[in-house]
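Visitor: Provided below are the primary sequence and the corresponding predicted coordinates.
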Amino acid sequence: MTLPSGPATVRPAGRPRLLYLDNLRTALTVLVVLHHAAIAYSNVPRWYYRETATDPSGTLLDLMLVLNQAFFMGAFFLIAGLFVPGSYDRKGARRFLAERLLRLGVPLLAWLLVLRPLVTAGDYAQAREAAAREGAALPYAEYYLASFSPGPMWFVEVLLVFSVLYLLWRRTAGRGRDAERSAPAAVRAPGAVAVAGFVAGLALVGYVWRIWLPMDASVLGLPTPAYLPQYAALFVVGLVAARRGLAEGLSVRAGRAGFAAAAAAAAAMVLLIVGSSGGTEFLGGGTWQSLAMAAAESVLAVGVIVGLLVLFRERFDRQGRLGRFLSGHAFTVYLIHPVVLVALGHALGGVQAPAVAKFALLAALALPLCWLLALPVRALPGARRVL
């Protein structure tokens, strides 16, 4: 995939935010809600409310989950990386760390202490009944610790670790608060060789990583540790792009090439999964199918992210009242959406419909409700400092 360079966008003075990145984060947050809504009716048993698919449409949700997982959280890490160097430059090490602990640590604690007990109430009730049938008691504290997981807030947890590692690197490298802050007026986007090399390296590292941590593994509560090399690599790409203005240098042709490459990779992934006939060779373990999956995923991730950056920069670099509301409350939605999905899942439990239809109904109800509920949550005293 070739990434031809284009002239960097010249932004008016006094425009403090890159609105297209705000809008892209909003779109990715929508994907997060849709992703978890799909899990509820798929064949992937990794959500707080589950209805095992009893019809073939559940397989469509499985494919959607695999394709979405290949890029959407990696895109979050890249965007996060874009803002880290500037934040460190403005605040210095101490204020940067304090701000990270406040903006990431407090929501993580809110999830662990308040929201997680709400979404796991049903699972705890079932576990307690099962223990009672065997003549044993199951205190909630014991259940909580035995089933501990950061849930969707694993992203915040990992991002906090990445931020601390960046701070340590800046301190070690001696690049203090007065480091060069401005991006070049014009940049040259990476060429085909650089992009191909990055994709190949990402695929190879992911393949080796999955020999020990296949795609269905879960470690330390992280639901997708198989993708950690991708997350780290894209976060670093965001750090580099922040200095060099790479996102601004991507041309429209680059975005189209990215989407085309991603479409081809998605088709390859679907063929690989369908061709496995229910097998799990593509999940990892050093098989050739795992190598093919890692390669296709890497192409899809890079292609989609390049395409989205260009698309949103060219078409969605503005906001009205609705756009400001959606982007301003996106992180709050990320925090509270599991509670909304689980509550609606139980409410829709009696509805008899194909898996994909129930997913569509849940998504249609959950998306507006998440943003509506985010409004009073963010209005709580002190909430705007962290959400």
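Guide: The structure has been received and is ready for your questions.

Visitor: show me where the stretch 101-250 of the chain dips below the pLDDT cut-off.
Guide: Counting by pLDDT under 70, the low-confidence segments of the stretch 101-250 of the chain come to 174-188.

Visitor: for the residue nearest the centre of the chain, give me its contacts.
Guide: The chain has Met73 as the residue nearest its centroid, 2.2 Å off, counting by Cα atoms, centre = their mean. Residues in contact with Met73 (Cβ atoms under 8 Å, 6 or more residues apart in numbering) are Phe155, Thr224, Tyr227, Tyr231. Where C-beta positions appear, they are placed from N, C-alpha and C, glycine not excepted.

Visitor: could I get these as a markdown table with neighbour count?
Guide: Converted to a markdown table, the contacts of Met73 look like this (neighbours: other Cβ atoms under 10 Å):
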| residue | neighbour count |
| --- | --- |
| Phe155 | 21 |
| Thr224 | 19 |
| Tyr227 | 24 |
| Tyr231 | 21 |
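
Visitor: residue ranges for the helices of the stretch 151-300 of the chain, please.
Guide: For the stretch 151-300 of the chain, the helices defined by DSSP state H, counting those that start in this stretch cover 154-173, 192-212, 228-244, 246-249, 252-275, 288-315.

Visitor: can you check the stretch 1-150 of the chain too?
Guide: Under DSSP H, counting those that start in this stretch, the stretch 1-150 of the chain gives helices at 19-39, 57-69, 72-100, 106-110, 116-119, 121-133, 140-146.

Visitor: how about these in JSON lines, adding distance to Val219?
Guide: JSON lines is the format used below for the helices of the stretch 1-150 of the chain (distance: least, Cβ to Cβ, whole Å):
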{"stretch": "helix 19-39", "distance to Val219": "19"}
{"stretch": "helix 57-69", "distance to Val219": "16"}
{"stretch": "helix 72-100", "distance to Val219": "16"}
{"stretch": "helix 106-110", "distance to Val219": "18"}
{"stretch": "helix 116-119", "distance to Val219": "18"}
{"stretch": "helix 121-133", "distance to Val219": "20"}
{"stretch": "helix 140-146", "distance to Val219": "16"}
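
Visitor: buried deepest among those helices, which one?
Guide: helix 19-39 (a mean of 21; mean count of other Cβ atoms under 10 Å).

Visitor: how far out from the middle of the chain is it?
Guide: 8 Å (Cα atoms, centre = their mean, to the nearest Å).

Visitor: name the helices or strands packed onto it?
Guide: helix 57-69, helix 72-100, helix 288-315, helix 321-328, helix 330-347, helix 355-378 (3 or more Cβ pairs under 8 Å, 6 or more residues apart in numbering; DSSP states H and E).

Visitor: the inter-axis angle of it versus helix 288-315?
Guide: 140 degrees (axes from the mean of the first three to the mean of the last three Cα atoms, to 10 degrees).

Visitor: tell me the mean pLDDT over helix 19-39?
Guide: Average pLDDT, helix 19-39: 97.

Visitor: what's that helix in contact with?
Guide: 46-47, 50, 61, 64-65, 68-69, 72, 75-76, 79, 82, 152, 308-309, 312-313, 316-319, 323, 326-327, 330-331, 333-334, 337-338, 341, 359, 362-363, 366-367, 370.

Visitor: can you select the buried ones from these in PyMOL?
Guide: To isolate the buried members of these in PyMOL, using 16 or more other Cβ atoms under 10 Å:
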select buried, resi 47+50+61+64+65+68+69+72+75+76+79+82+152+308+309+312+313+316+317+319+326+327+330+331+333+334+337+338+341+359+362+363+366+367+370
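
Visitor: list the contacts of Ala127.
Guide: Applying Cβ under 8 Å, 6+ apart, the residues contacting Ala127 are Leu138, Tyr143, Ser147.

Visitor: so can I have TSV of the residues you listed showing distance to Phe96?
Guide: Shown next, in TSV, are those (distance: Cβ to Cβ, whole Å):
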residue	distance to Phe96
Leu138	43
Tyr143	37
Ser147	34
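
Visitor: ok, Leu61 - contacts?
Guide: Ala38, Ile39, Tyr41, Ser42, Asn43, Ala53, Ala355, Val356, Phe359.

Visitor: which one of those residues is nearest Pro214?
Guide: Asn43 (16.5 Å; Cβ to Cβ).

Visitor: so the closest one makes contact with Thr59?
Guide: Yes. The criterion here is Cβ atoms under 8 Å, and Asn43 meets it with Thr59 at 7.2 Å.

Visitor: can you check which residues contact both of the two?
Guide: Common neighbours of Asn43 and Thr59 (Cβ under 8 Å, 6+ apart) are Ala53.

Visitor: tell me the two of the contacts of Met73 that are most distant?
Guide: Farthest pair in the contacts of Met73, by Cβ to Cβ: Phe155 and Tyr227, 11.1 Å.

Visitor: quick one: Val44 from Leu308, how far?
Guide: 24 Å (Cβ to Cβ, to the nearest Å).

Visitor: any idea which of the helices of the stretch 151-300 of the chain is most buried?
Guide: It is helix 246-249: most buried of these by mean count of other Cβ under 10 Å, with a mean of 24.

Visitor: return the residue of this protein that is most distant from the centre.
Guide: Relative to the chain centroid, the chain (Cα atoms, centre = their mean) has Gly135 farthest, 41.8 Å.

Visitor: got a list of what that residue touches?
Guide: For Gly135, no residue meets the contact criterion (Cβ under 8 Å, 6+ apart).

Visitor: returning to that earlier point: now the contacts of Met73 in TSV, please, with extra columns for distance to Ala131.
Guide: Formatted as TSV, these follow (distance: Cβ to Cβ, whole Å):
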residue	distance to Ala131
Phe155	32
Thr224	30
Tyr227	34
Tyr231	37
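
Visitor: just the residues you listed now: which is nearest Phe162?
Guide: For the contacts of Met73, the nearest to Phe162 is Tyr231 (8.0 Å; Cβ to Cβ).

Visitor: that closest one touches Glu157, doesn't it?
Guide: No. Using Cβ under 8 Å, Tyr231 makes no contact with Glu157, being 11.6 Å away.
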